[in-house]
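*Asks:* mind looking at a prediction? Sequence and model below.
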Amino acid sequence: MSLSDVFNIAGSGMSAQSLRLNTVASNIANAETVSSSTDETYRARNPVFSTIFNQQQGLGGSLFAQEHEAGSGVEVLGIVESDAELQARYQPDHPMADEDGNVFYPNVNVVEEMANMMAASRSYQTNVEIMNTAKTMLQRVLTLGQ
């Protein structure tokens, strides 16, 4: 892996964590929305990530060096809706209540979403620091000949 590959890997991580922050924001924004049926109720969404692999030749003194898979970034496979149970509350005076007096709330756990937001934010920050460190290393390599 070359030092320039670090920028691609960290960039894909930043992109993935940015998407994660957007889904968390969407979940928190819709945490208290109500509806009169389970089909119309907002469901929490979560991104699904996967590692992008590439084949690299094994480096070493062995004649029987095997190919090793090395991570070369993160890709987003999609966004899935949570299958957790929706919250049904009996509120017959609510304007969105169904004929039984129930109002349906999303399956968003705000505390869990805040923890996801902090983890995504820190992961994004770590990728930024990795890019800055790689940039500093490249700048120092350029000044070696002076």
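*Replies:* Perfect, thanks for sending it. Numbering: from 1, shown residues only.

*Asks:* quick one, strands of this protein?
*Replies:* 45-56, 68-81, 87-90, 102-105 (DSSP state E).

*Asks:* buried set for the third one?
*Replies:* Neighbour counts over strand 87-90 (16 or more other C-beta atoms under 10 Å) mark no residue as buried. Every residue, glycine included, has its C-beta placed from N, CA and C.

*Asks:* could you do the first one as well?
*Replies:* Along strand 45-56, these residues count as buried under the neighbour rule (16+ other C-beta under 10 Å): 45-47, 49.

*Asks:* partner strands of that strand, parallel or antiparallel?
*Replies:* strand 68-81 (antiparallel) (DSSP bridges).

*Asks:* what mean pLDDT does the strand it pairs with have?
*Replies:* Strand 68-81 carries an average pLDDT of 82.

*Asks:* then stretch 23-34?
*Replies:* Rounded mean pLDDT across stretch 23-34 is 94.

*Asks:* what's next to that stretch, contact-wise?
*Replies:* 41-42, 44-47, 79, 94, 96, 103-106, 108, 110, 113-114, 116-117, 120 (C-beta atoms under 8 Å, 6 or more residues apart in numbering).

*Asks:* leaving out chain neighbours, which residue sits closest to V128?
*Replies:* M14 (6.9 Å; C-beta to C-beta, 6 or more residues apart in numbering).
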